[in-house]
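S.K.: give the three-dimensional model of this entry:
(one chain, ligands or ions: 3)
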Amino acid sequence: MKIEKGIDLSRFILEEERKYPKASGTLSRILISIENATKIISSHIRKAGLVDVLGKVGRINVQGEEVQKLDELANNWLVEHLASTGDFFAVVSEEMEKAFFPEGGKDGKYVICLDPLDGSSNVDVNISVGTIFSIYKRISDDDTSFLQEGRKQVAAGYVIYGSSTMLVYSTGNGVNGFTLDPGVGSFILSHPNIRIPEKGKIYAFNESNYKRWSDGIKKYVDIVKEKGYTLRYVASMIADVHRTLLKGGIFAYPADNVNKNGKIRLLYEANPLGFLVTQAGGIASNGNSNILDVKPESLHQRTPIFMGSKMDMEEFLSVTKES
Ligand SMILES: O=P(O)(O)OC[C@H]1O[C@](O)(COP(=O)(O)O)[C@@H](O)[C@@H]1O
Ligand SMILES: [Mg+2]
Ligand SMILES: [Mg+2]
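M.R.: Numbers count the residues shown, from 1 in each chain. Ligands and ions are numbered 1, 2, ... in the order given. Modelled structure (predicted):
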């Protein structure tokens with residue numbers, strides 16, 4: 001089937017499945033349940049000021065962060081929809097300390113990692129936020145199925161709730177983007193076969209942390225500023241990485257002398273977005289090794305993360321290695 005703009009996501013998923021005669025349809029059902037849950041999240045975000053979904057819940061999550069109402073709602077809608085498939089064994093979420101094993105998932109073949117709402121510090125001020133997902137094959141009867149290298153993901157993606165709602169995902173055969181048509185209520189293929197530009201002119205670092213960075217990272221940022229790169233930083237990783245995928249350049253959240261391991265979480269932020277950037281022809285690294293080769297040790301571990309255009313990342317890695 002030739003990938004043509006205009007096909008809707010559900011049909012695209014089923015066409016993709018047809019390529020694998022032995023496929024059981026389980027992964028397709030999981031992707032379609034994510035599609036349905038994110039439509040609910042999208043509709044609430046689009047009228048957030050009119051319905052009671054803004055503000056804090058008054059609880060601190062396992063990350064030590066204040067939980068937004070939409071963090072919790074997005075988490076519950078996603079877990080409910082996924083649990084209803086009976087196709088997955090367990091889920092790990094930014095909003096849940098432990099892995100969750102749904103009643104009906106005992107024979108589930110997959111496990112899934114979720115960032116239900118990324119960039120949630122921006123949701124009250126109407127700036128783009130999103131949902132991130134990462135899917136692995138189940139390899140055990142406990143939560144060690146989550147401690148697999150990012151390279152072993154069978155699918156990863158995100159939904160960005162921005163000027164439009166878009167779902168971007170990959171099952172290891174390239175990256176495709178779908179835009180939600182609110183009139184039809186379907187995600188329609190709008191960005192087939194996304195390829196990240198080899199080189200960009202944008203850097204996305206939170207420069208307010210400049211003083212806390214290593215000399216190598218300071219040197220790299222000084223170089224790109226000298227070269228006339230533009231700073232764009234939304235503080236919603238999804239929005240910064242989505243722009244980087246389409247326009248090129250580099251996104252980074254380095255470790256520093258306060259956040260010793262950085263801020264970004266490996267399982268449900270760095271790995272899924274690193275998988276997409278890599279599938280689109282870019283590079284994703286923790287500064288020392290390819291992020292997709294890192295063996296996770298814990299469910300909510302943090303990691304320094306740098307990802308983007310191949311040539312920008314090669315320059316970044318060579319400058320920081322020398323320093
Ligand atoms: O405000 P900072 O320190 O730059 O951090 C921004 C980063 O934190 C995050 O908001 C963390 O994600 P959550 O909102 O899912 O907790 C990233 O999306 C973003 O890149
Ligand atoms: Mg996040
Ligand atoms: Mg989040």
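S.K.: can we go C-alpha only for contacts and neighbour counts from here?
M.R.: OK.
S.K.: what residues are up against Asp71?
M.R.: Neighbouring residues of Asp71 by C-alpha atoms under 8 Å, 6 or more residues apart in numbering: 95, 116-117, 120.
S.K.: and what of Gly150?
M.R.: Contacts for Gly150 (C-alpha under 8 Å, 6+ apart) come out as 267, 271-272, 275, 291-295.
S.K.: give me that answer again for 6 Å
M.R.: Going by C-alpha atoms under 6 Å, 6 or more residues apart in numbering, Gly150 touches 271, 292.
S.K.: what's the local residue count around the residue nearest to Thr165 when sequence neighbours are not counted?
M.R.: Distances taken as C-alpha to C-alpha, 6 or more residues apart in numbering place Leu180 nearest to Thr165, at 5.4 Å, with adjacent residues excluded. Applying other C-alpha atoms under 10 Å, we find 23 residues neighbouring Leu180.
S.K.: and what about Leu180, helix, strand or coil?
M.R.: strand (DSSP: H, G, I helix; E, B strand; the rest coil).
S.K.: before we move on, what about Cys113?
M.R.: strand.
S.K.: picking that back up, the contacts of Asp71 into a markdown table, with extra columns for distance to Lys137?
M.R.: Shown next, in a markdown table, are the contacts of Asp71 (distance: C-alpha to C-alpha, whole Å):
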| residue | distance to Lys137 |
| --- | --- |
| Glu95 | 22 |
| Pro116 | 20 |
| Leu117 | 23 |
| Ser120 | 29 |
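S.K.: those residues also near ligand 1: which ones?
M.R.: The subset of the contacts of Asp71 within reach of ligand 1, by C-alpha under 6 Å from any ligand atom, is 117, 120.
S.K.: in the contacts of Asp71, which has the lowest confidence score?
M.R.: pLDDT across these is lowest for Ser120, at 89.
S.K.: look up phi and psi at it.
M.R.: Backbone torsions for Ser120, taken as degrees, to the nearest 10, come to phi -60, psi -20.
S.K.: ok, and the closest non-adjacent residue to it?
M.R.: Using C-alpha to C-alpha, 6+ apart, the closest residue to Ser120 is Val129 (6.5 Å).
S.K.: buried sites along the helix ranked longest in the chain?
M.R.: Counting residues, the longest helix found in the chain (DSSP state H) is helix 26-46. Neighbour-count burial for helix 26-46, counted by 16 or more other C-alpha atoms under 10 Å, picks out 26-39, 41-42, 44-46.
S.K.: what does stretch 67-85 give?
M.R.: 67-75, 77-79, 81-85.
S.K.: helix, strand or coil for Glu315?
M.R.: Going by three-state DSSP: Glu315 is helix.
S.K.: so which residues on the stretch 101-250 of the chain come close to ligand 1?
M.R.: 115, 117-121, 206, 235-237.
S.K.: can you put those residues in JSON lines and add secondary structure, distance to ligand 3 and neighbour count?
M.R.: Listed next are those as JSON lines, based on DSSP: H, G, I helix; E, B strand; the rest coil; distance: C-alpha to the ion, whole Å; neighbours: other C-alpha atoms under 10 Å:
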{"residue": "Asp115", "secondary structure": "strand", "distance to ligand 3": "5", "neighbour count": "23"}
{"residue": "Leu117", "secondary structure": "strand", "distance to ligand 3": "4", "neighbour count": "27"}
{"residue": "Asp118", "secondary structure": "strand", "distance to ligand 3": "4", "neighbour count": "27"}
{"residue": "Gly119", "secondary structure": "coil", "distance to ligand 3": "6", "neighbour count": "20"}
{"residue": "Ser120", "secondary structure": "helix", "distance to ligand 3": "6", "neighbour count": "22"}
{"residue": "Ser121", "secondary structure": "helix", "distance to ligand 3": "9", "neighbour count": "17"}
{"residue": "Asn206", "secondary structure": "coil", "distance to ligand 3": "18", "neighbour count": "16"}
{"residue": "Ala235", "secondary structure": "coil", "distance to ligand 3": "12", "neighbour count": "20"}
{"residue": "Ser236", "secondary structure": "coil", "distance to ligand 3": "9", "neighbour count": "21"}
{"residue": "Met237", "secondary structure": "helix", "distance to ligand 3": "10", "neighbour count": "24"}
